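# this one's sequence-less:
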């Protein structure tokens, strides 16, 4: 093989290796940042598996919110109509956070409690995240209960 062809071959192999490395790094970064949404009943059934970080979606159970005066530690329960999941969060909650409202929390399981790193609350009275609305609709059908607001609540 003459030196020119050899140099071209080395350049092509170098470019292929660099592209492969870049693709692997991007795939690894995306894999780490993916957080799947689960409802409390799915988590309790073990569908979240060994996921280190995931999103928990549902409604804040009425009468479950507790916060000590002067503390940023909040304790509440999230429900999907089938199960309750205790949640602990340290920080300032969104202004629209309240009981009996849709919530999506990102975090990890610690024993039987979900420790949230981030809390997202709905932004107006007609909005529920689509994933949460779909899973809550399945729970309403399962229990033969009319969904509040019908399909319009999911938009």
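Nice, I can see it. Everything quoted here is computed from the prediction, not taken from an experiment. Numbering: from 1, shown residues only.

# tell me the secondary structure at residue 136.
Here residue 136 is recorded as helix under DSSP: H, G, I helix; E, B strand; the rest coil.

# swap that for residue 100, please
Put simply, residue 100 is coil when judged by three-state DSSP.

# cool, residue 8 as well?
helix.

# separation between it and residue 17?
Distance, residue 8 to residue 17, by Cβ to Cβ, to the nearest Å: 15 Å. Glycine gets a C-beta too; all of them are placed from N, C-alpha and C.

# residue contacts, the nearest residue to residue 81 once chain neighbours are set aside?
Spatially, and ignoring its direct neighbours in sequence, residue 81 is nearest to residue 139 (3.8 Å; Cβ to Cβ, 6 or more residues apart in numbering). By Cβ atoms under 8 Å, 6 or more residues apart in numbering, the contact set of residue 139 is 39, 41, 80, 81, 82.

# what's opposite residue 89 in the beta bridge?
Here residue 89 sits in beta bridges with residue 74, residue 116, going by DSSP bridges.

# center of this structure - which residue?
In the chain, the centroid-proximal residue (Cα atoms, centre = their mean) is residue 55; its distance is 1.8 Å.

# that residue against residue 36, yeah?
Yes: between residue 55 and residue 36 there is a contact under Cβ atoms under 8 Å: 6.7 Å.

# host element of residue 14?
Using DSSP states H and E, residue 14 sits in helix 3-33.

# which is the succeeding secondary structure element to that helix?
Next along from helix 3-33, by DSSP H and E: strand 37-38.

# and the next helix or strand past that next one?
Going down the chain from strand 37-38, the next helix or strand is helix 40-44, by DSSP H and E.

# who does the next helix or strand after that following helix pair up with?
Downstream of helix 40-44, the first helix or strand assigned by DSSP H and E is strand 54-60. Strand 54-60 has the following sheet partners, assigned by DSSP bridges: strand 37-38 (parallel), strand 73-79 (antiparallel), strand 102-110 (antiparallel).

# having no further points to raise, I will conclude here.
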